[in-house]
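Asks: The following block contains a protein sequence and its predicted model.
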Amino acid sequence: MGKFRCLLVATAAVLCSAPVFAQVDFTGEWAPLYHEDGPERGPGPELADYTEFPINDAARMRADSYDADRISVVQEYQCRPHGADYALRGLGQIRIWRDIDPATQRVTAFHVHFLAWDSERTIYVDDRPHPPEEALHTFQGFSTAKWEGNMLTVWTTHLKENYLRRNGLPRSDKATFTEHWTRHADYLTITTVIEDPVFLTEPLVRSDNWYLDPGQHIGIFGCEYAAEVPRPEGTVPHHLPGENPNLHEFANWYGLPFEATRGGAETLYPEYQSKIVGYHPPAKCTRYCHCTSLFNCNVDR
Amino acid sequence: MSRNVLIAQAALWLGCALSAWPQQNFDNVQIRVLPVQEKVYMFVGAGGNTTVQVGKDGVLVVDTQYAQMAPKIMAEIRKLSDKPIIWMVNTHVHQDHTGGNEALSKLGGPGPGQAPRIIAHENVLNRMTQPVPNQPSIPEAMWPNDEYATPQKDIFFNGEAVVIYHMPKAHTDGDSIVFFRRSDVISAGDIFTPGRWPVIDLARGGSVQGTLDALNYILRLTVPARYQDGGTLVVPGHGRLCDESDVVEYRDMLTIVRDRVQDLIKKGMTLEQVKSARPARDYETEYASDFRTVDQFIESVYKSLSEKK
């Protein structure tokens, strides 16, 4: 083979393999950034704070009935993990690794390990179909993905019932969500679009960010059921309609009109501001004023 | 309103529902087979889910859907095993779970002169043999031939213990759940129907508290593998394959709605007032059923809680 022909073959090989190498590598140890929605993701959301959620009446009532005692009284809730959608914004680091088909050198799957509940998730990038509708649902669901340029777009189905927010705002097992994974140098951004025909009237869009931290070590989460609050079998703590004493707490603390805290698609848009009458924000911030990480959310400052 | 009238109304609902089921066109219904785990499979077709266990001893079938579905069910069983059906279990009396008893026995039984043993609680047999006004009698070949009257019945089949527990006064008064102990699978019948309003068949001895007791009993048996995922799997009477956390969600819904209705009864509300209050409205977008509206569900809870103990 002449020198010219060798060069041609080599050039062709590089060109043909270009799409493979265009696939972004998300592998590594990633530490979460809490500059978005810090209070919600760190110490946890306020009770009855439904702002920014396009929820329907059913979701609102379900959340109004929620009693956080359920997490300790009902043993099956004690070690219940975040769903795949919430896990992205829950506490803790993540580790991502990938499978590569040795024959094609293409990525066939990404795996994600979450600190919280040691949850692990697989995202298939090999065009496999999703399971039939009667198949088992899991907290991590079933995820497949496709490349859109350098962005990985992930679609997840077969989720178990879980929460949109840890104050009882529900997300149903009929929900699906789409993620867009993008990497810019050492920063990873995942944007999720959740669609839930049971509890949402519009898609819920959120984003979360991480930075690459090669020295990170994810510890063991560990969880074991225990009878923390002995109650008769079958007890399910909840508030009867109209009897939840905490519903106005959030609105009062932040000087918000109660209606504005109740969520709904209308409240997501700027035009809603013109409907808020009598809004008198507190003169001085007194709660969650400087909350940018897990440990600096001081409720009294 | 007297209790007899209430029961008659409930019977009318269910009678309408039952008579509507056989009108279905089964021609285009396909059986979808889902491997559950170990030796157990879930068959989804028309009517209730069928649970099938296969192994060296033969085939065990829990619930038989409708008679019209028997050839299709048998064809799928034959893809898993060439052995005869030795055992059948009926989780309760309703026709969408027992309608294929006779046809499936003929198609898959051990042979001429030998029928599969059909296990059910004795109340299933009592209900099947009891004449119902304006309803044709149920042929003897469809009856359970191995009824039990104890809290549980044990058999050992295909290398594992199969324990059949009676769940008193739950969906009906003759409910059984079937626990495949080595495969770690529970077939729950209509005590558990995720995504569908519970049918509490008051006319056939069901009750809301009995249904809750049964769900809590299932939760005693289930053990999740890891953080509430997997482990013991539960085949529901209708709907998708589930595990413990799915049963918890369903149990919680029924508990919360029961508590709300009980509270409204204590406040002196009539049935119509309770229905108007919509005590299950936060579940109305999640639960649905071809055979039961939310009003019918609330009515059954109300009447069950109002029954004299």
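Replies: Happy to help now that I have it. Numbers count the residues shown, from 1 in each chain, chains lettered A, B, ... in the order given.
Asks: wait, does stretch B:212-226 make contact with chain A?
Replies: Yes: Stretch B:212-226 is in contact with chain A by Cβ under 8 Å from any Cβ of the partner chain, via B:Leu212, B:Asp213, B:Leu215, B:Asn216, B:Leu219, B:Pro224. To be clear about C-beta, it is placed using only N, CA and C from the backbone, and glycine gets the same treatment.
Asks: Let me see the ranges of the helices in the chain.
Replies: All of this refers to chain A. For chain A, applying DSSP state H gives helices covering A:3-22, A:38-41, A:57-65, A:70-73, A:75-78, A:84-87, A:249-254.
Asks: meant chain B, my bad for not saying
Replies: Under DSSP H, chain B gives helices at B:3-20, B:70-80, B:95-98, B:101-108, B:122-129, B:208-221, B:244-266, B:271-277, B:294-306.
Asks: Flag every buried residue along the second one.
Replies: Burial within helix B:70-80, assessed by neighbour count using 16 or more other Cβ atoms under 10 Å in any protein chain shown, is assigned to B:Ala70, B:Lys72, B:Ile73, B:Met74, B:Glu76, B:Ile77, B:Leu80.
Asks: Now the residue in chain A that chain B sits nearest to: closest residue in space, sequence neighbours ignored.
Replies: Of all residues in chain A, the one sitting closest to chain B is A:Met61 (3.6 Å; Cβ to the nearest Cβ). Spatially, and ignoring its direct neighbours in sequence, A:Met61 is nearest to B:Asp282 (3.6 Å; Cβ to Cβ, 6 or more residues apart in numbering or on different chains).
Asks: which intervals of the stretch 1-150 of chain A have sub-threshold pLDDT?
Replies: Along the stretch 1-150 of chain A, the model assigns pLDDT under 70 to residues A:1-22.
Asks: I'd like to know how many residues surround the spatially closest residue to B:Pro236 that is not a sequence neighbour.
Replies: Excluding the flanking residues, the one nearest B:Pro236 by Cβ to Cβ, 6+ apart is B:Phe192, at 4.6 Å. B:Phe192 has 29 neighbours, counted by other Cβ atoms under 10 Å in any protein chain shown.
Asks: Over to A:Asp67?
Replies: If we define neighbours as other Cβ under 10 Å, then A:Asp67 has 15 of them.
Asks: returning to that earlier point: out of the helices of chain B, which one sits most buried?
Replies: helix B:95-98 (a mean of 26; mean count of other Cβ atoms under 10 Å in any protein chain shown).
Asks: so how far is it from its chain's centroid?
Replies: 9 Å (Cα atoms, centre = their mean, to the nearest Å).
Asks: Could you list the residues in contact with that helix?
Replies: B:18, B:21-22, B:46-48, B:63-66, B:90-92, B:120, B:124, B:128, B:142, B:189-190, B:237 (Cβ atoms under 8 Å, 6 or more residues apart in numbering or on different chains).
Asks: average pLDDT across it?
Replies: Helix B:95-98 shows an average pLDDT of 96 in the prediction.
Asks: ditto for stretch B:248-262
Replies: 98.
Asks: that older thread, hmm, the residue nearest to B:Pro236 is touching B:Asn216, no?
Replies: No: in this structure B:Phe192 lies outside contact range of B:Asn216 using Cβ atoms under 8 Å: 11.5 Å.
Asks: Please enumerate the strands of the stretch 51-200 of chain A.
Replies: A:94-101, A:106-114, A:120-124, A:142-148, A:151-157, A:162-165, A:169-171, A:176-184, A:187-195 (DSSP state E, counting those that start in this stretch).
Asks: need the ones you listed in TSV with mean neighbour count, can you?
Replies: What follows is these, written out as TSV (neighbours: other Cβ atoms under 10 Å in any protein chain shown):
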stretch	mean neighbour count
strand A:94-101	16
strand A:106-114	18
strand A:120-124	18
strand A:142-148	18
strand A:151-157	19
strand A:162-165	23
strand A:169-171	24
strand A:176-184	18
strand A:187-195	18
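Asks: could you dump those strands to CSV with distance to chain B?
Replies: Shown next, in CSV, are the strands of the stretch 51-200 of chain A (distance: least, Cβ to the nearest Cβ, whole Å):
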stretch, distance to chain B
strand A:94-101, 16
strand A:106-114, 11
strand A:120-124, 9
strand A:142-148, 12
strand A:151-157, 12
strand A:162-165, 9
strand A:169-171, 8
strand A:176-184, 15
strand A:187-195, 14
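Asks: nearest residue to A:Ser65 other than its sequence neighbours?
Replies: Nearest one to A:Ser65, counting by Cβ to Cβ, 6+ apart, is A:His238 at 4.8 Å.
Asks: Could you double-check that that neighbour lies in contact with A:Tyr66?
Replies: Yes: look at A:His238 against A:Tyr66 with Cβ under 8 Å: they come within range, at 6.9 Å.
Asks: how near is the residue lying closest to B:Ile218 once chain neighbours are set aside to B:Ile138?
Replies: Excluding the flanking residues, the one nearest B:Ile218 by Cβ to Cβ, 6+ apart is B:Val247, at 5.6 Å. Separation of B:Val247 from B:Ile138 (Cβ to Cβ, to the nearest Å): 31 Å.
Asks: cool, A:Tyr124 as well?
Replies: 49 Å.
Asks: Show the pLDDT at A:Gly242.
Replies: 96.
Asks: I should have written B:Val132 there, sorry.
Replies: 85.
Asks: and B:Trp197, how many neighbours?
Replies: There are 25 residues near B:Trp197, going by other Cβ under 10 Å.
Asks: Ignore what I typed, I meant B:Val185.
Replies: 25.
Asks: Contacts only, for it.
Replies: Contacts of B:Val185 (Cβ under 8 Å, 6+ apart): B:Val36, B:Gln37, B:Glu38, B:Val40, B:Thr51, B:Phe179, B:Thr232, B:Leu233, B:Val234, B:Val235.
Asks: Hmm, B:Lys39 and the fifth one touching each other?
Replies: Same thing as B:Thr51. No: using Cβ under 8 Å, B:Thr51 is not in contact with B:Lys39, being 10.7 Å away.
Asks: tally of neighbours for A:Ala226?
Replies: 10.
Asks: whoops, I mixed them up, B:Asp27
Replies: For B:Asp27, using other Cβ under 10 Å, the count is 6.
Asks: Find me the pLDDT at it, would you?
Replies: 90.
Asks: again, but for A:Gln273
Replies: 87.
Asks: One more: B:Lys309?
Replies: 62.
Asks: Check A:Ala283 too.
Replies: 80.
Asks: for the one 3 residues further on, same thing?
Replies: Note for A:Thr286: predicted pLDDT of 74.
Asks: For it, the count of nearby residues, please.
Replies: 12.
Asks: can you check B:Pro224 too?
Replies: 18.
Asks: and what of B:Asn49?
Replies: B:Asn49: 28 neighbours (other Cβ under 10 Å).
Asks: Quick check: the gap between it and B:Asn25.
Replies: For B:Asn49, the distance to B:Asn25 - Cβ to Cβ - is 20 Å.
Asks: Enumerate every residue touching residue 278.
Replies: No chain in the question, so chain A it is. Applying Cβ under 8 Å, 6+ apart, the residues near A:Gly278 are A:Pro257.
Asks: my bad, the chain I had in mind was chain B
Replies: Taking Cβ under 8 Å, 6+ apart as the test, what B:Arg278 contacts is B:Glu284, B:Val294.
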